[in-house]
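Asker: coordinates only, no sequence provided:
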């Protein structure tokens with residue numbers, strides 16, 4: 001999946017010349033926490049977050065001093081050393097940027113112009129969709145030897161039992177470099193018969209771990 005498929009294209013923006021007051025009002029009305037700042041050519045030049053604004057507007061200030069602070073331009077607090085993405089980037093690569101750099105959003109740029117934005121919430125929603133966690137079903141984890149063709153062998157067992165697979169994840173086994181763990185989301189609410197079949201095929205089922213299943 002690429003970024004273009006999940007990014008928000010109707011991006012709410014301001015300019016560096018706009019005030020903190022304007023940003024606060026716009027973010028509250030639009031229920032957003034990240035505000036890209038663009039120039040006249042719609043090129044992104046900075047970013048302001050809800051956290052940046054809170055840090056710049058101490059709650060203890062009152063009266064004229066507070067009003068003066070709210071009128072300062074966003075250029076005084078905006079972040080300019082931005083990490084950006086492209087609409088054709090893979091979502092998995094973008095997710096790693098969020099994790100490595102601990103960012104809450106990623107402006108998407110094409111030909112130097114802002115064309116979209118992705119937030120951590122967008123990534124979480126995409127993960128739910130990709131794993132099928134929003135659909136009725138069961139999760140099954142199987143520990144297998146890390147060799148070519150093993151995924152096909154396991155999915156063949158599912159196919160032979162008329163089990164519809166909603167999603168598949170593969171990750172390394174933390175206990176052995178020679179093994180990996182296959183995580184299936186399957187369209188059945190009662191996987192007991194399937195689990196019995198998998199174990200009869202000699203497969204190591206990690207989850208669900210149901211006592212007495214071998215019997």
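Answerer: Structure received. Note that the structure is a prediction, hence the values are computed from the model and not measured.
Asker: which outside residues touch stretch 13-31?
Answerer: Outside of stretch 13-31, the residues within contact range by Cβ atoms under 8 Å, 6 or more residues apart in numbering are 12, 32-33, 35-39, 45-46, 48, 50, 53, 56-57, 69-75, 77-78, 114. C-betas here are computed from N, CA, C, even on glycine.
Asker: name the residues of that stretch that are buried.
Answerer: Burial within stretch 13-31, assessed by neighbour count using 16 or more other Cβ atoms under 10 Å, is assigned to 13-14, 16, 18-20, 22-24, 27.
Asker: which among the contacts of stretch 13-31 end up buried?
Answerer: 32-33, 35-38, 45-46, 48, 50, 53, 56-57, 69-70, 73-74, 77-78, 114.
Asker: quick one, strands of this structure?
Answerer: 34-38, 44-49, 105-110, 113-119, 138-145, 165-172, 179-186, 204-207 (DSSP state E).
Asker: helices or strands up against the second one?
Answerer: With contacts defined as 3 or more Cβ pairs under 8 Å, 6 or more residues apart in numbering; DSSP states H and E, strand 44-49 has these neighbours: strand 34-38, strand 105-110.
Asker: quick one: it to strand 113-119, angle?
Answerer: Comparing the axes of strand 44-49 and strand 113-119 via axes from the mean of the first three to the mean of the last three Cα atoms, to 10 degrees yields an angle of 20 degrees.
Asker: same deal with the fifth one?
Answerer: Using the same axes, to 10 degrees, the inter-axis angle of strand 138-145 relative to strand 113-119 is 100 degrees.
Asker: against which helices or strands is strand 138-145 packed?
Answerer: Using 3+ Cβ pairs under 8 Å, 6+ apart: strand 138-145 touches helix 150-160, strand 179-186, helix 192-200, strand 204-207.
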